[in-house]
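Novice: Sequence plus the predicted model coming up.
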Amino acid sequence: QVQLVESGGGLVQAGGSLRLSCAASGRTFSNYAMAWFRQAPGKEREIVASISWNGDRTYHADSVKGRFTASRDNAKNTAYLQMNSLKPEDTAVYYCAAGWVFVTDDRYDWWGQGTQVTVSS
């Protein structure tokens, strides 16, 4: 079992930045690929970014490419999502997820509770 806790969400103006963190516990963090998803009201959950167990592979959705960056620090058992140049359409609940395999869809095994990100115009 892996426990994931997101933090770092909040209210920010358009053009601003936030860094989300995902603290993991329960098993060896470096064994797992990590991913970030988001779900806006009335919309389906979508993947934002993913990162392999050692960070050598990353994926970023087209909608965030060049603005968001996924990273991880295995020594701290923490994954990060740096979000720059935020837009109102980035408003959503953001979730981190962990899994055995680096994939770019929702086939992850463990999920956090989510953190709200609100971008005002």
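Specialist: Perfect, I can see it now.

Novice: Which residues are in contact with Thr69?
Specialist: Counting by CB atoms under 8 Å, 6 or more residues apart in numbering, Thr69 touches Ala49, His60, Leu81, Gln82, Asn84. (C-beta placed from N, C-alpha, C; glycine too.)

Novice: Just the buried residues out of these, in ChimeraX syntax.
Specialist: With 16 or more other CB atoms under 10 Å as the criterion, this ChimeraX line picks the buried residues out of the contacts of Thr69:
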select :49,60,81
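
Novice: could I get the contacts of Thr69 as TSV with pLDDT and distance to Gly99?
Specialist: TSV is the format used below for the contacts of Thr69 (pLDDT from 0 to 100; distance: CB to CB, whole Å):
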residue	pLDDT	distance to Gly99
Ala49	98	14
His60	98	17
Leu81	98	16
Gln82	98	21
Asn84	98	26
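
Novice: Report the central residue of the protein.
Specialist: The chain has Trp36 as the residue nearest its centroid, 2.6 Å off, counting by CA atoms, centre = their mean.

Novice: Need the CA coordinates for the one helix or strand it maps to. PDB is fine.
Specialist: Assigning secondary structure by DSSP states H and E places Trp36 in strand 33-39. Output of strand 33-39 as PDB, limited to C-alpha atoms (Å, rounded to 0.1, in the frame of the first residue of the first chain):
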ATOM      1  CA  ALA A  33       6.200   5.900 -11.600                       C
ATOM      2  CA  MET A  34       4.300   9.000 -10.500                       C
ATOM      3  CA  ALA A  35       1.700  11.000 -12.300                       C
ATOM      4  CA  TRP A  36      -0.400  14.100 -11.900                       C
ATOM      5  CA  PHE A  37      -4.000  14.300 -13.000                       C
ATOM      6  CA  ARG A  38      -6.700  17.000 -12.700                       C
ATOM      7  CA  GLN A  39     -10.400  17.200 -12.800                       C
END
